[in-house]
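Engineer: Got a sequence here, can you build the structure:
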Amino acid sequence: MTRRADLDRSLEELERDCWPAPPAEATRLAATVHKLRRRPIRELTVEDLRLLIRQNVGLAHLLPLALEVLRDDPMAAGDMFEGDLLSAVLAINPAVWEQLPSLGRELTMIVSKLTDLPPSLMHDTATFLAR
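Structural biologist: Numbering: from 1, shown residues only. From the prediction side, this is the model:
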């Protein structure tokens, strides 16, 4: 799990992996991911977490933060829709949860208590719980 002292560091620092600047013709998404990797993780918003997690970037460091948010508000929203952070977390490759089993158990506890979900999240939750 991410330690508190690490929150002032960026993903580039934590992973010791500085990506080169994106090319001039890079998509807005690619440029945004590059920029967010340089931001201290304490400054990342729900939308930033959602975007990076959807891109499978920095999961070992970002999933603990995302689960903190989801513990308090399972339907936390970035810029897409209510519950978009949960949707991003549920969409992660199951192999990631094998590498981070305590986080997988925590997510299981969070989603197993949810009721009255929109159909898309209900499907994503059922798929996650069936893994």
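Engineer: quick one: low-confidence parts of this protein?
Structural biologist: For the chain, the stretches with pLDDT under 70 are 1-5.
Engineer: Tell me where it has helices.
Structural biologist: Counting by DSSP state H, the chain forms helices over residues 11-15, 28-37, 46-54, 59-72, 84-90, 94-99, 101-112, 119-130, given from the N-terminal end onward.
Engineer: Tell me which of these lies nearest to Pro22.
Structural biologist: Distances from Pro22 to each of these were compared using C-beta to C-beta; the minimum, 4.8 Å, belongs to helix 28-37. Quick note: C-beta positions are derived from backbone N, CA and C, even for glycine.
Engineer: I would like the residues contacting that closest one, please.
Structural biologist: Helix 28-37 is contacted from outside by 10-12, 19, 21-22, 26, 44, 48, 51-52, 55, 57-58, using C-beta atoms under 8 Å, 6 or more residues apart in numbering.
Engineer: ok, so what distance separates the most centrally placed residue in the chain from Leu36?
Structural biologist: Against the mean C-alpha coordinate of the chain, by C-alpha atoms, centre = their mean, the closest residue is Ile53 at 3.6 Å. Between Ile53 and Leu36 the distance, using C-beta to C-beta, to the nearest Å, works out to 11 Å.
Engineer: Contacts only, for the spatially closest residue to Glu47 that is not a sequence neighbour.
Structural biologist: Of all residues beyond its chain neighbours, the one nearest Glu47 is Gly78 (3.3 Å), with distances taken as C-beta to C-beta, 6 or more residues apart in numbering. Each residue near Gly78 by C-beta under 8 Å, 6+ apart is listed here: Thr45, Val46, Glu47, Asp48, Leu49, Arg50, Leu51, Asp84, Leu85.
Engineer: Out of these, which end up buried?
Structural biologist: Among the contacts of Gly78, the ones that count as buried by 16 or more other C-beta atoms under 10 Å are Val46, Glu47, Asp48, Leu49, Arg50, Leu51, Asp84, Leu85.
Engineer: coming back round to it: if we only consider the contacts of helix 28-37, which is nearest to Ser120?
Structural biologist: Closest approach between these and Ser120, by C-beta to C-beta: Leu51, at 18.1 Å.
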